[in-house]
Each structure stands twice: as C-alpha cells, then as structure tokens.
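In: Quick check, what structure comes out for this input:
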Amino acid sequence: MPTLDEMVAENKKRHTCLGKFQKFMECMTPKHQFTTYYRFGTHADCPKLMASWQICLRAKVRSQKEQADADRLRDWRASVDRVHVLPFKSIYREEAYERYGVIVAEEAGVIERE
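Out: Numbers count the residues shown, from 1 in each chain. As a prediction, the model looks like this:
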C-alpha cells in the first residue's frame, strides 16, 4: 500500500495543470499585484502564467494519437544532428545557419550556376 507522501506526489504529477492555474489566479489577485508593484515598481506578468496553463491544458486534451505523434516528432528532432545533407551554394551557407541553425555540409564537386 502506498504511503501518503507517495499518493500526494502521484496526484501532483496528475494535476500539474491545476497547479499552473492556481499560480495564475494567485498572480491576478490585487494583493499580489500591489505587493509586486511595491517591491519591484512594476506589475506582475501574469500572461506568461496563463500561457503556461493553456499549453498544459492543450497537452492534456490532445488525443493519444496526437500526443504520440508530438512525442515522436520531439524525439526525432532531438536525435537529428542538424547537418544538412544536400549541398548548398556558398552564398546561401550563412543564411542557412542564421535562419535555421543548419550547418551546411562541405560542397563536394558541386558546380555553382550564376
């Protein structure tokens, strides 16, 4: 039989969205806003907490197939070494790195057409 601490930890894992919603609601209270304004001279940025809560809800509402597809895509992106396999013209080499973070492979006998 699981201990009380184990049960609490399991419930916290299951209800992560509820905790994010609670943080968002606490951020929206006048007491928290006044305290933040008094201490730091600016209001608390609650939309970030709301966005975090919405992302959590979207992840929970997804069907199992969508979730599996998203997990597979995330794992695939982590496994790819981000080196482009096709040769680029040298004039596009910097742009590919700056825009997409792609390290262009060395040109192996590629004839550049101008």
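
In: Show the model's pLDDT score for His43.
Out: pLDDT recorded at His43 is 83.

In: That one is in contact with His32, isn't it?
Out: No. With contact defined as C-beta atoms under 8 Å, His43 does not count as touching His32 (9.6 Å). All C-beta spots, glycine's among them, are computed from the backbone N, C-alpha and C.

In: Now Trp76. Its backbone dihedrals?
Out: phi -60, psi -40 (degrees, to the nearest 10).

In: Could you tell me how many residues sit around it?
Out: Per other C-beta atoms under 10 Å, the neighbour tally for Trp76 reads 9.

In: Do you have the strands of this protein handy? List them.
Out: Remark: strands assigned in the chain by DSSP state E are 83-84, 103-104.

In: Between the ones you listed, which has the poorest mean confidence score?
Out: When I compare these, strand 83-84 is least confident, with a mean of 60.

In: so where is the chain shaky, pLDDT-wise?
Out: 82-88, 102-114 (pLDDT under 70).

In: Show me the helices in it, by range?
Out: 4-14, 16-28, 30-40, 46-61, 64-79, 93-100 (DSSP state H).

In: Might you calculate how far the last one sits from the centre of the chain?
Out: So the one you mean is helix 93-100. Put simply, helix 93-100 sits 22 Å off its chain's centre (C-alpha atoms, centre = their mean, to the nearest Å).

In: Just the buried residues of it, please?
Out: Neighbour-count burial for helix 93-100 flags Arg93 (criterion: 16 or more other C-beta atoms under 10 Å).

In: I'd like the distance between Val61 and Arg14.
Out: 15 Å (C-beta to C-beta, to the nearest Å).

In: Lys60 now?
Out: 10 Å.

In: Looking only at neighbour counts, state which of those two leads.
Out: Lys60 (12 against 9).
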